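below are the sequence and a predicted model for it; my questions follow.
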Amino acid sequence: MASKTYIQIFVFLGLVLLTGQIRSGQEFIPPPPIDHNLIYMLVEQSKFAALPFEQGQTTLRADVIARSDKVGYIELKGEHSATVKGPDARVFLFTTEGPGKHPPFLVWLTAHRGARRVTAITERGLRGFAIASEEIIKPAVRVLARDGDMVFIELRPRTSLVPGEYAIIGDDVTRIATFRVMEASQH
């Protein structure tokens with residue numbers, strides 16, 4: 001009877017170890033890249049590729065303390081991003097951690113007269129801008145590495161992205177990483 005129990009325990013532990021190896025094999029993340037200023041996506045399940053930056057334009061004065069609440073836009077030239085990704089895109093980036101800090105936002109861009117845009121808001125008495133909450137893709141955030149205040153994180157949409165234009169927007173509108181998701185038949 002005791003040997004049967006040991007065999008069951010051995011089989012159970014073997015299955016647990018095997019399941020752990022399978023999961024870790026599917027979730028392999030390479031070590032953080034050297035350049036902390038870029039935004040990355042995982043390609044070929046084992047390498048990071050940097051997303052190109054585009055320069056956004058806005059009429060909002062995010063560099064000064066706002067005198068009143070204003071609604072405006074951050075706009076990017078061109079109808080489409082040159083970078084095409086799948087609906088389960090995973091974004092990796094370095095950000096600082098601390099009170100009042102947040103990682104850049106993954107946002108949905110809408111088409112407008114040959115450009116792409118997202119609604120931005122300034123709030124009276126504050127410097128900077130906010131993105132309209134309905135245009136933010138709510139991510140699952142996972143910290144992968146930590147070095148003091150600097151953290152390397154993964155932003156993963158909670159659900160698959162629908163076809164359209166997307167951007168990762170932080171505090172600097174001149175450095176916006178963009179990509180688009182296309183229908184499977186359009187690839």
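Cool, the structure landed.

burial of Ile39, as a residue count?
A count of nearby residues for Ile39, using other C-beta atoms under 10 Å, gives 23. From N, CA and C alone the C-beta is placed, and that goes for glycine too.

ok, the closest residue in space to it that isn't next to it in sequence - contacts?
Nearest residue to Ile39, sequence neighbours excluded (C-beta to C-beta, 6 or more residues apart in numbering): Ala177, at 4.1 Å. Counting by C-beta atoms under 8 Å, 6 or more residues apart in numbering, Ala177 touches Ile39, Leu51, Pro52, Phe53, Glu54, Val91, Ala167, Ile168.

turn those residues into a markdown table, columns for pLDDT.
Formatted as a markdown table, the contacts of Ala177 follow (pLDDT from 0 to 100):
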| residue | pLDDT |
| --- | --- |
| Ile39 | 95 |
| Leu51 | 94 |
| Pro52 | 93 |
| Phe53 | 95 |
| Glu54 | 96 |
| Val91 | 91 |
| Ala167 | 95 |
| Ile168 | 95 |
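
can you turn the buried part of the residues you listed into a PyMOL selection?
Burial among the contacts of Ala177 is assessed by 16 or more other C-beta atoms under 10 Å; the matching PyMOL selection reads:
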select buried, resi 39+51+53+54+91+167+168
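
which of the contacts of Ala177 fall in strands?
Secondary structure from DSSP state E places Ile39, Phe53, Glu54, Val91, Ala167, Ile168 of these in strands.
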